[in-house]
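> Attaching a predicted model along with its sequence, questions to come.
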Amino acid sequence: MALHTTEELTAAPTHAVETCSHDAAAETYLFPERKQDAHQVYECIHQQLVLDGNSQQNLATFCTTWIEPEVEQLMAECADKNMIDKDEYPQTAAIEERCVHMLADLWNSPEAATTIGCSTTGSSEAAMLGGLALKLNWRKRRKAAGKSIDTPNLIMGPVQVCWHKFCRYFDVEIREVPMEGDSLLLTAEEVLKRCDENTIGVVVTLGVTFTLQFEPVHAISLALDKLEEETGLHVPIHVDGASGAFLAPFTQPDLLWDFRLPRVKSINASGHKFGLAPLGVGWALWREKQDLPEELIFEVNYLGGNMPTFALNFSRPGGEIICQYYNFLRLGKEGYREIQTECAALGRYLAERIAEFGPFKIIYDGEGGIPGLCWELKDPAGSNFTLYDYADRLRERGWLVPAYSQPPNREDLVIQRILIRHGFTRAMADELLAEMQSALAHFEESPIDMALTGAETGGHDHSGR
Ligand SMILES: *Cc1c(COP(=O)(O)O)cnc(C)c1O
């Protein structure tokens, strides 16, 4: 990649770096008139970035914050690679294709070597593709039966915001099963209540954003089998495995959630979450080739060669996909299992210790879902702090431990959550526990005046990342 022309490299800086004058906010929004010295501009931006948070202490995000030096090196080598340009970068294209089939194998597609799938920018784009395929397949079935295609609906539990986007952007009625009491996940019973001839599918989440738990894909699949036997209604399942699709295959190989269940027609996953790839890659796969409607595929020939494309984006960096492939080869099932098992153990360790603190009731203890834990206050009304206060206090020490309210009908429930990702260590867990204890001691000494702050609900949502 040619980053500089010779003239630019030899040109002396003409004046001080404009972008570094932060005196007036308005000024930083002006497009600079003159060119500037590369090194000075680099230093200026580098200094600004130093003030970003320390991602290792961010226990809110699901995304990769630790990568091997080899991955950094590959990312640098791939800076010029456009993954859509399969003619110019056939090796990158072949690597993407290999990843798709390796994932199909991992997720037990009956036709792993020939099924269809693609990389995406993340699970959000993959979810749009999965939802669109459900919608088009439903339309095809309805048209063949001579029935109306006006009012498609999609059933789901407490989902990540991408599914709300899908339904609004693509005009599908959302049938969201609300949380009720202690039931914070989708159940087969609640799914059945909402199925009708306009249901394009059910989204089951393997690793719910709010509580980290896995929804019961197998039970829902069995219930839908029975429904089909009795009524003829065919309702396919899409699994949102943003996190879980890179966890369950390694840590719970016997859990039935994937293409072993014939009703599971498509799966999305975030390569940049527990797939451990750098930010910017997700995956969408279909069980068998015919599960992806042909209308979603476009043939494009203006980059040379003829190539099918069915993503929402066009140009996209290739580095993340190549690094995903690096992870598959570097770790294998063994390496992923080791890392995920260790993370899960740290989650359970924190859950045990935090339960001992006293004021907290553990909702998810790190067993059976995403590595991590979440809790609520045992007695929010009688407490001298809220979980939002607690999160703020920990934030002062650099730890990002988000507190957030739940979706309908449990908006009253405030949960605090920790995610354990690769790179988090036992020593960091112990540091965090010490900070958490000292924050509790602080509230003991100087209680928050709850009358002043009021019962907090909205405006504190850190949940969706
Ligand atoms: C993170 C997440 C998404 C969105 O994925 P991105 O890769 O951030 O686009 C969707 N669903 C679930 C369950 C998630 O955890």
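Noted; the coordinates are in hand. Residues are numbered from 1 along each chain as shown.
> Of all residues in the stretch 301-450 of the chain, which one is closest to the ligand?
Nearest residue of the stretch 301-450 of the chain to the ligand (Cβ to the nearest ligand atom) works out as residue 370 at 8.3 Å. Just so you know, the C-beta spots here come from the backbone N, C-alpha and C atoms, and that holds for glycine as well.
> per-residue confidence at residue 451?
Model confidence at residue 451, given as pLDDT, is 69.
> Residue 398 - nearest residue in space that isn't next to it in sequence?
With sequence-adjacent residues excluded and distances taken as Cβ to Cβ, 6 or more residues apart in numbering, residue 398 is closest to residue 57, at 4.7 Å.
> contacting residues around the one you found?
With contacts taken as Cβ atoms under 8 Å, 6 or more residues apart in numbering, residue 57 has the following neighbours: 398-400.
> Ok, residue 81 next?
The contact partners of residue 81, taken as Cβ under 8 Å, 6+ apart, are 89, 92, 317-319, 322.
> quick one on the thing from earlier: can you redo the contacts of residue 57 as JSON lines, where the extra columns are neighbour count, pLDDT and distance to residue 355?
Formatted as JSON lines, the contacts of residue 57 follow (neighbours: other Cβ atoms under 10 Å; pLDDT from 0 to 100; distance: Cβ to Cβ, whole Å):
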{"residue": "398", "neighbour count": "12", "pLDDT": "93", "distance to residue 355": "24"}
{"residue": "399", "neighbour count": "22", "pLDDT": "96", "distance to residue 355": "19"}
{"residue": "400", "neighbour count": "18", "pLDDT": "96", "distance to residue 355": "21"}
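> Quick one: the residues you listed as a markdown table, columns for distance to the ligand too.
Supplementary listing: the contacts of residue 57 in a markdown table, determined by distance: Cβ to the nearest ligand atom, whole Å:
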| residue | distance to the ligand |
| --- | --- |
| 398 | 23 |
| 399 | 21 |
| 400 | 16 |
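> Make TSV out of these and add secondary structure.
Converted to TSV, these look like this (DSSP: H, G, I helix; E, B strand; the rest coil):
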residue	secondary structure
398	coil
399	coil
400	strand
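> hmm, back to that, next one: the residue nearest to residue 398 from the ligand, what distance?
Remark: distance between residue 57 and the ligand (Cβ to the nearest ligand atom, to the nearest Å) = 20 Å.
> again, but for residue 283
As it turns out, when the distance is counted by Cβ to the nearest ligand atom, residue 283 lies 10 Å from the ligand.
> residues near residue 438, how many?
For residue 438, the number of neighbouring residues by other Cβ atoms under 10 Å comes to 12.
> And residue 435, by the same measure?
Counted with other Cβ under 10 Å, the burial measure for residue 435 works out to 18 neighbours.
> what's it in contact with, if anything?
Taking Cβ under 8 Å, 6+ apart, we find residue 435 in contact with 394, 397, 399.
> for the record, mean pLDDT for the helix or strand in which it is found?
With elements delineated by DSSP states H and E, residue 435 resides in helix 426-445, which encompasses its position. Model confidence over helix 426-445, given as mean pLDDT, is 97.
> what does stretch 122-138 give?
Taken as a whole, stretch 122-138 has an average pLDDT of 98.
> Could I get the buried residue list for that stretch?
122-138 (16 or more other Cβ atoms under 10 Å).
> Now for the residue of the stretch 301-450 of the chain closest to the ligand, how many residues are close by?
Residue 370 sits with 31 neighbouring residues when counted by other Cβ under 10 Å.
> How about the contacts made by it?
Counted by Cβ under 8 Å, 6+ apart, residue 370 has contacts 62, 207, 212-213, 243-244, 247, 274, 419.
> For the ligand, tell me whether stretch 152-169 is touching it.
Yes. Applying Cβ under 6 Å from any ligand atom, one finds that stretch 152-169 is in contact with the ligand at 160, 162.
> Start and end of that stretch, how far apart?
As for stretch 152-169, its first-to-last residue distance stands at 13 Å under the measure Cα to Cα, to the nearest Å.
> what's the distance between that stretch and the middle of its chain?
Taking Cα atoms, centre = their mean, to the nearest Å, one finds the center of stretch 152-169 at 15 Å from the center of the full chain.
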